[in-house]
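Asks: I'd like to go over a predicted model; first the sequence, then the structure.
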Amino acid sequence: MKERIAEHLAVFRRGVVDLIDEKQLTVLLRKSFEESRPLRVKFGMDPSSPDLHLGHAVPLMKLRDIQDLGHQVVLIVGDATAMVGDPSGRNKLRPQLTRAEVELNLATYKDQAACVLDIEATEIRQNSEWFDEMNFYDVLELAGRMTVARMIERDTFQKRMQAQEPIGIHEFLYPLMQGWDSVEIANDVELGGNDQLFNLLVGRQLQEQRDMCPQVCFTMPLINGLDGRKMSKSYGNSIGLTEAPGEMFGKIMALDDPSMEAWFTLLTRVADAEVETLLAGHPREAKARLAREIVTFFHSSDAADVASKAFDRQFRDRQLPENIQTEAWPVDGDELPLAILLKELGLAKSSSEARRLVQQGGVRLDGDICQDPMQAVLRPASEFLLQVGKRRFQRVTPR
RNA sequence: GGGGAGAUACUCAAGCGGCCAACGAGGUCAGACUGUAAAUCUGAUGGCACAGCCUUCGCAGGUUCGAAUCCUGCUCUCCCCA
């Protein structure tokens, strides 16, 4: 029994930031084993942006580990809360989504969560289920459970007030809504991102006020994106769960070295000792391993193999990649200035951008650097190869 | 309800009548180097078939030879007082 508890505890604990509190979790685990009743572990997803990325995968992977131990994961799709927008970690008022937008995101969300979770074994609930039933008086009663003082002492609100940024009254309701989910679900444990601690604790408090067993709260770190800032789709520094293996592999190889350790512990199941060895070795090898692990998890080890080989070929050995897209000559005429050709082919967003690329020596025509944007390019007899930067290749055929 | 402050390019943020397509930082892109799409260094970063031209500084008007900069109205935000 003791060993089993320790084993489960270790899974819960790996990589966490906060665990409130561990003693209670131990008690819950013991009870769970004695009554052979799995723990209910709640996790809320905010269906505001439709694409999940590796940052979302961190808690999802933890949930998966917990599922594998036999506990019950309850996934709350915050379709009602999405209309408020979580103020945590935000220094801006978030746009309130409409019902329709939320509906639209929902399906995609479940699919993407299934990349990580055992979706069959997951209880999925939408919180509109209970919030639809609430009337204004219920809301007032709920709002009375929180004080303004506690609310505004939060860091995110402090910052926004100092920066003289707007804070909507409805934003104060967000933690209460999330907390109410816990009352409805009667979960034993709730998991969240590092910025979620406040929200989680509100749930604990609300449960307690209703004579329920207060939930154990634990949080996972927010991982850095590729540029070192918090991973977020709006920063454009994220890697999507459904990205192609090659893209995923390459982007991981672009990760800065200091982030590797965190990514290993949070996004792979490589044992700590092995991670240590890897990190002590050559950074490139370690990063390649990291990329393989992650691509294998989201795709397959075959896909990881292919991606790894392609990456080495293209970037280490400086060979042409194997699969180069072919486009037809884009216009009626037989001749185009290079910069215009690039724009027409979509290799540059605008002709100004195309000019810059060419002038900076980033464009090769059949392997030769060409720095004159106005150089005339003839419609090819059979085909020619355009290369823009290190990553964009395109063959052009006469049409 | 009264008084004050503010809205600038992807983001943050200067500029407050001509020298402004708009300082600086981040991001992004390119180049060099390398260990890689790390790190570091250099450069570019509104559009246009581009030594020129065109459109941008919340929105709409106005003053002026000339406006991101001044005036009027509108929209949105913040602060203080009530």
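Replies: Thanks, I have it.

Asks: next helix or strand past the worst-scoring helix or strand of chain A on mean pLDDT?
Replies: Here the helix or strand of chain A ranked lowest by mean pLDDT, DSSP states H and E is helix A:99-113, holding a mean of 80. Using DSSP states H and E, the helix or strand that follows helix A:99-113 in sequence is strand A:122-126.

Asks: for chain A, give me the ranges with low pLDDT.
Replies: A:49, A:89-97 (pLDDT under 70).

Asks: near RNA strand B, which residues of the stretch 251-399 of chain A? Just list them.
Replies: With CB under 7 Å from any atom of the strand as the criterion, the stretch 251-399 of chain A comes near RNA strand B at residues A:251, A:253-257, A:282-284, A:287, A:311, A:315-316, A:331, A:333, A:336-337, A:340, A:343, A:349-353, A:355-357, A:360-362, A:388-392. From N, CA and C alone the C-beta is placed, and that goes for glycine too.

Asks: just the buried ones among those, please.
Replies: For these, a burial check counting by 16 or more other CB atoms under 10 Å picks out A:251, A:253, A:255, A:287, A:311, A:336-337, A:340, A:343, A:351, A:355, A:357, A:362, A:388, A:392.

Asks: so which of those are in strands?
Replies: A:336, A:337, A:388, A:392 (DSSP state E).

Asks: picking up where we left off before, list the buried residues in the least confident helix or strand of chain A.
Replies: So helix A:99-113, judged by 16+ other CB under 10 Å, has buried residues A:101, A:102, A:105, A:106, A:109, A:110, A:112, A:113.

Asks: would you list those residues in JSON lines and tack on distance to RNA strand B?
Replies: Formatted as JSON lines, the buried residues of helix A:99-113 follow (distance: CB to the nearest atom of the strand, whole Å):
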{"residue": "A:101", "distance to RNA strand B": "20"}
{"residue": "A:102", "distance to RNA strand B": "22"}
{"residue": "A:105", "distance to RNA strand B": "22"}
{"residue": "A:106", "distance to RNA strand B": "27"}
{"residue": "A:109", "distance to RNA strand B": "25"}
{"residue": "A:110", "distance to RNA strand B": "28"}
{"residue": "A:112", "distance to RNA strand B": "20"}
{"residue": "A:113", "distance to RNA strand B": "25"}
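
Asks: tell me the one among these nearest to residue A:208.
Replies: In terms of CB to CB, no member of the buried residues of helix A:99-113 lies closer to residue A:208 than residue A:113, at 29.2 Å.

Asks: residues contacting that closest one?
Replies: By CB atoms under 8 Å, 6 or more residues apart in numbering, the contact set of residue A:113 is A:45, A:52, A:60, A:75, A:119, A:122.

Asks: tilt between the least confident helix or strand of chain A and strand A:122-126?
Replies: Following axes from the mean of the first three to the mean of the last three CA atoms, to 10 degrees, one obtains 170 degrees for the angle between helix A:99-113 and strand A:122-126.

Asks: figure out how far helix A:99-113 is from the centre of its chain.
Replies: 15 Å (CA atoms, centre = their mean, to the nearest Å).

Asks: same question for stretch A:226-233.
Replies: 10 Å.

Asks: surely residue A:385 is within a strand?
Replies: Yes. According to DSSP: H, G, I helix; E, B strand; the rest coil, the state of residue A:385 is that of a strand.

Asks: for it, give the beta-bridge partners.
Replies: Per DSSP bridges, the residues bridged to residue A:385 are residue A:395.

Asks: what number of residues lie near it?
Replies: 16 (other CB atoms under 10 Å).

Asks: how about stretch A:164-175, which residues are buried there?
Replies: So, applying 16+ other CB under 10 Å, buried residues of stretch A:164-175: A:171, A:172, A:173, A:174, A:175.

Asks: and what of stretch A:125-136?
Replies: Result for stretch A:125-136 [16+ other CB under 10 Å]: buried residues A:125, A:126, A:127, A:128, A:130, A:131.

Asks: contacts for that stretch next, please.
Replies: Contacts of stretch A:125-136 (CB under 8 Å, 6+ apart): A:44, A:74-81, A:106, A:142, A:177, A:180-181, A:184-185.

Asks: same thing but 6 Å
Replies: With CB atoms under 6 Å, 6 or more residues apart in numbering as the test, stretch A:125-136 has contacts from A:76, A:77, A:78, A:79, A:80, A:181, A:184.

Asks: swap in stretch A:59-75?
Replies: By CB under 6 Å, 6+ apart, stretch A:59-75 touches A:8, A:11, A:38-43, A:116-118, A:121-124, A:185, A:187, A:191, A:220.

Asks: now, which of the residues of the stretch 251-399 of chain A next to RNA strand B lie within helices?
Replies: Among those, DSSP state H puts A:251, A:253, A:283-284, A:287, A:311, A:340, A:343, A:351-353, A:355-357 in helices.

Asks: cheers, nothing more for now.
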